[in-house]
Every structure is written in structure tokens, then in C-alpha cells.
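> Build the 3D model from these lines:
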Amino acid sequence: MAGSVFSRRRFLKTAAISSFLNPGYWSGTQAETVPTKSRLKSERVGVGCIGLRYQGSVLANQATAYGDIVAVCDVDRNVRDQAKASFGSTPYSCEDYRQLIARKDVDVVTIGTPDHWHTKMVIDACRAGKDVYCEKPITLTIDEGKLLRDVVKETGRVVQVGSWQRSDHRFRLAVEMVRGGRIGRLKHVGVVLGKNKTSGSLQSMEPPNHLNWNLWQGQTPDAPYIEERSHYTFRWWYEYSGGQMTDWGAHHLDIAQWAIDSLPVQIRGAGIMPAVKNGFNVAVDFEVDYEFANGVTMKVQDSGDNGILFTGDRGRIFVNRGKITGSPVEGLQEKPFNREDWKVYDSDNFDRPMRAGKLDAIVNHMGNFFDCVASRKMPISDIESQHRSVSTCHLGNISMRLGRPLQWDPVKEEFTGDRGASSWLKREQREGFEIQ
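Sure, this is the predicted structure:
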């Protein structure tokens, strides 16, 4: 990693980055949220749910603790009808999300669609005066994130991204301990995401009558219907997603970058690109090396123990959804970590004490969103942080697909001296589905 790609002649822009980015995100001084409170029936907000298969249905059910489902939307009629039957309030049902966000009884929107729809739906919902909880990754391209950030700022809407690991005590404790110096100076981060799926050549067919395939495709190129293009397996096609780099990566790279407290300046990705006609096309056997503006390095790969390993000059911490380990963690009983001194995010709604040496983790990401809807404070997975995190994921995919190392200016958000790479910051959008 210290070879020609990551030359020691760093064009580090740490000072510029510090002044350019939201200081609350990097310093941990974001405004405190209001603890979740019980709401009277008259105080409950109206919730509209877009995309209700898989994770979308999970979001809808979580939202019922804070509001009433008044409208549902999905381009698959079977999914839509099942969702409508699931809620006793008999919500309004539609195929086109624009009808849902136009309704006056919809105060907040949840979005659980495939990735290529996220940015457009969030932008349209914000401009319609709605607060939004949207699944990760928040964008399909880096330029989408730039536009989305501007729209959220202009409209003043609350947008929570579904990178819920930020609301898990294990991950937040790991970030706070790293940034609090418990492993000394952070030197390297290792991230394991898991392997992308592969396939043979898949059969095209007529789309089922219950699915509006044209609407499902949205901004992406019109393609013959293949069952494996839609629903869960959409993520193994670059047209609609980015494989594990933007799936697990939107979780793990977000946590890693939160702890690194900087942005990447050099990227070197490698992977095998499948050459299967009408088959999954995301890279396999991949890895990506990053160097950040503050000198920290990070390796992302597809094999190993899924999770994040932080290595400093005085210790290591490993964290995933099941555990947080390392000598600094084991030493918490003798040398407690006082979260009252400094937190990456202030919310009493999240915190649970260490009990008998085990961490009592709590995940209330949806609760944080509704807290912020009421208080108008910044949610824990805000647009700026999530745009920056998924941009790091996109940069890895771009480097893999181009097959060469890249230099990135995180202040200007553009590649340095590489017009070819710059063309990958956005994609052509199908007429009628442009994001504006």
C-alpha cells in the first residue's frame, strides 16, 4: 500500500476539508435530539410508504410505533395489495409514488425501493414538504448526492438514511473509543463485506401482469425483463445498485469513515468483472485500498470475518453486528469510557450501560428519525455524512470498473487529472425519469 499508488507525497487537504465539511459531523457536536415520547392519537403523524417488499415492509412496521400508515405505494400490485391488507387503517394505495407524496394526510415518507430510485424519490418528497426515512444507499452516483444535499438544505426537511448501524451501541462505542484515543493513533482500517453473487446467463421473458416493469426501471436503461433483475437480486446489477460495496459497504464503510474522521484522496480497486451475457455483472473477488487525507489507510475486501477492524499504534478493536472485541474493550471494566465527556451523537434515547461486561445494544434508528421530525434536529444518519460515505463506496466501484488507481479531491468532489473517471460521476437518465 505504500508503493506507487499511495505515494508519500500526499496532497493532503486536511485543513481545507475541516472548514468545508459540516463541523458538527466531524467534531461530534451535533445538536441533541429529543427523547422519544409517547404520542396521543391526535399527535400521530401520517406515514406514506413507498416500496414495500423486503426491507420496505420492515420500515413500514417500525414506523407504526410513531405514526399511522395512511398511504402505500409499490409498482408490484401483489406487493401493494398485501401491504394495504396489513394495516387496519385501510390506507390509500397507488402505483405511482407522486400520487402518494401529493397527499395532504402524508406527513412523512418511508422509502424501501431499489437503489436507483432513492435520490429522485427523496428529492421529490422533500420538495413536496415531507420528511423522509430512506433506505441505504442513498444514491446511485456521486453527482446524485451533491444534488440531494442541496435540496435537503434548501427545503429544510429531515432526512434519515437507513444506515442503522450508527444507532447500534457497539458501532458507536467503537467509533468513540477510536476517536477518543483508546487504540492510540489510528493507522489502518480493515473492512470485510462478503462476496457478490454470481450467475450464469439468465432468461428474459415477458414481465408479469402485476409488475409495472417500465416504472420499476425508472432512470435506468430500458432492458428486457429478467426476473433476477428485480426485487432482492437487483443489487447484483450495476444498472440498479453496486453489489456489496454499496450494500454492506453503505453500513461498514460509513462506520469506518466516521471513526477515521477524514475523506479518501486515493483509491485503488481490483476485481474480476463477470463476462456473462444477461447475468449478474458486479465485480467478484474484489478488494479496494484507500488512503485518507489524514494518512489513515483502509482495505475493503470480500472475504474474511464480516466486520470492521481498527488498528492503532497502541491496540486494535474489531466490531460487527454480533460483537465488539479487543483489549481496549476488555479493559473497560478497569478503565471505564465516560461517554458524558464526548459523544459522536447526543441522544439519551440510544444509551445503555455496560452490564456484567456485556454490551446491551439497542437499535432505535426509526425512533431517532421521528424524534428529529418533532424537534427539527439533525438525525444520526444525516444527508451530508451519508452522501460522503456512499461516495467512498462509489469511488471503490469506479476504480474497480476502470481497472486503475484514482486520485480524488474531496473538497471539490472531483477526480484529479482524470477526465475518463470524471464521466463516471453521473449516468445518463432515461427520458421521463430524470433527476432534477
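> what's around Ser163, how many residues?
Using other CB atoms under 10 Å, Ser163 has 26 other residues around it. For the C-beta atoms, the positions are set from N, CA and C on the backbone; glycine is no exception.
> Repeat that for Glu95.
Around Glu95 there are 14 other residues, counting by other CB under 10 Å.
> show me the contacts for it.
For Glu95, the contact set (CB atoms under 8 Å, 6 or more residues apart in numbering) comprises Cys73, Asp74, Val75, Arg77, Arg80, Asn212, Leu215.
> So that I can see them in PyMOL, could you write out a selection of the buried residues among these?
To isolate the buried members of those in PyMOL, using 16 or more other CB atoms under 10 Å:
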select buried, resi 73+74+75+80
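> which of the contacts of Glu95 lies closest to Pro114?
Lowest distance from Pro114 to the contacts of Glu95 (CB to CB) belongs to Val75, with 10.0 Å.
> I'd say that closest one and Pro207 touch.
No: contact between Val75 and Pro207 fails when scored by CB atoms under 8 Å: they sit 10.4 Å apart.
> hmm, back to that, quick one: which of the contacts of Glu95 sit in helices?
Arg77, Arg80, Leu215 (DSSP state H).
> Now Asp254. Nearest residue, chain neighbours left out?
Spatially, and ignoring its direct neighbours in sequence, Asp254 is nearest to Ser389 (3.9 Å; CB to CB, 6 or more residues apart in numbering).
> avg pLDDT for the helix or strand hosting the one you found?
In this structure, Ser389 sits in helix 383-402 according to DSSP states H and E. Here helix 383-402 scores 98 as its mean pLDDT.
> who does the next helix or strand along the chain from it touch, helix- and strand-wise?
Downstream of helix 383-402, the first helix or strand assigned by DSSP H and E is strand 406-409. When contacts are defined as 3 or more CB pairs under 8 Å, 6 or more residues apart in numbering; DSSP states H and E, strand 406-409 sits against strand 264-272, helix 383-402, strand 414-415.
> Sheet partners, orientation included, of strand 406-409?
strand 264-272 (antiparallel), strand 414-415 (antiparallel) (DSSP bridges).
> and these, which is most packed in?
Counting by mean count of other CB atoms under 10 Å, strand 264-272 has the highest mean neighbour count of the strands paired with strand 406-409, with a mean of 22.
> how much does it deviate in direction from helix 383-402?
40 degrees (axes from the mean of the first three to the mean of the last three CA atoms, to 10 degrees).
> centre of the chain versus strand 264-272, how much separation?
19 Å (CA atoms, centre = their mean, to the nearest Å).
> for the record, mean pLDDT for it?
Mean predicted confidence for strand 264-272 is 98.
> shaky segments in the stretch 251-400 of the chain?
Applying pLDDT under 70 to the stretch 251-400 of the chain flags the ranges 339-341, 347-362.
> 80 - rerun?
337-342, 346-363 (pLDDT under 80).
> ok, back up a step: how about the ones in helices among the contacts of Glu95 in JSON lines, adding distance to Arg127 and pLDDT?
Listed next are those as JSON lines, based on distance: CB to CB, whole Å; pLDDT from 0 to 100:
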{"residue": "Arg77", "distance to Arg127": "27", "pLDDT": "97"}
{"residue": "Arg80", "distance to Arg127": "24", "pLDDT": "95"}
{"residue": "Leu215", "distance to Arg127": "20", "pLDDT": "98"}
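> residue with max distance from the center of this structure?
The centre of the chain is farthest from one residue, Glu334, which by CA atoms, centre = their mean lies 35.4 Å away.
> Correct me if wrong, but it is in a helix.
No: counting by DSSP: H, G, I helix; E, B strand; the rest coil, Glu334 is not found in a helix; it is coil.
> coming back round to it: nearest to Arg172, out of the helices and strands packed on strand 406-409?
Nearest of those (CB to CB): helix 383-402, 13.2 Å.
> helices or strands next to that closest one in the packing?
Using 3+ CB pairs under 8 Å, 6+ apart: helix 383-402 touches helix 142-155, strand 159-161, helix 248-260, strand 264-272, strand 284-292, strand 406-409, helix 419-422.
> Any idea which of those gets closest to His394?
That would be helix 142-155 among the helices and strands packed on helix 383-402, by CB to CB, at 5.2 Å.
> any idea of the angle that closest one forms with helix 383-402?
Here the directions of helix 142-155 and helix 383-402 differ by 170 degrees (the same axes, to 10 degrees).
> residues of helix 142-155 that come out buried?
Ile142, Asp143, Glu144, Gly145, Leu147, Leu148, Arg149, Val151, Val152, Thr155.
> Tell me the one of these nearest Asp115?
For the buried residues of helix 142-155, the nearest to Asp115 is Glu144 (10.2 Å; CB to CB).
> How about that closest one, nearest residue that isn't a chain neighbour?
Nearest residue to Glu144, sequence neighbours excluded (CB to CB, 6+ apart): Thr119, at 4.2 Å.
> mind listing what that neighbour touches?
Thr119 neighbours (CB under 8 Å, 6+ apart): Ile138, Thr139, Leu140, Glu144, Gly145, Leu147, Leu148, Ile435.
> wait, what's in contact with the last one?
Neighbour list for Ile435: Thr119, Lys120, Ile123, Glu144, Leu147, Gln219, Gln429 [criterion: CB under 8 Å, 6+ apart].
> distance of His251 from Asp261?
In this view, His251 and Asp261 are 18 Å apart by CB to CB, to the nearest Å.
> do Ile101 as well
Taking CB to CB as the measure, Ile101 falls 36 Å from Asp261.
> Quick check: which of the helices and strands packed on strand 406-409 is nearest to Val363?
Closest of the helices and strands packed on strand 406-409 to Val363 is helix 383-402, at 16.9 Å (criterion: CB to CB).
> how far is that closest one from where the chain is centred?
10 Å.
> thinking again about what came up before, how about the strands paired with strand 406-409, which one is nearest Arg404?
Of the strands paired with strand 406-409, nearest to Arg404 by CB to CB is strand 264-272, at 8.2 Å.
> quick one: the closest one to helix 248-260, angle?
For strand 264-272 against helix 248-260, the angle by the same axes, to 10 degrees is 150 degrees.
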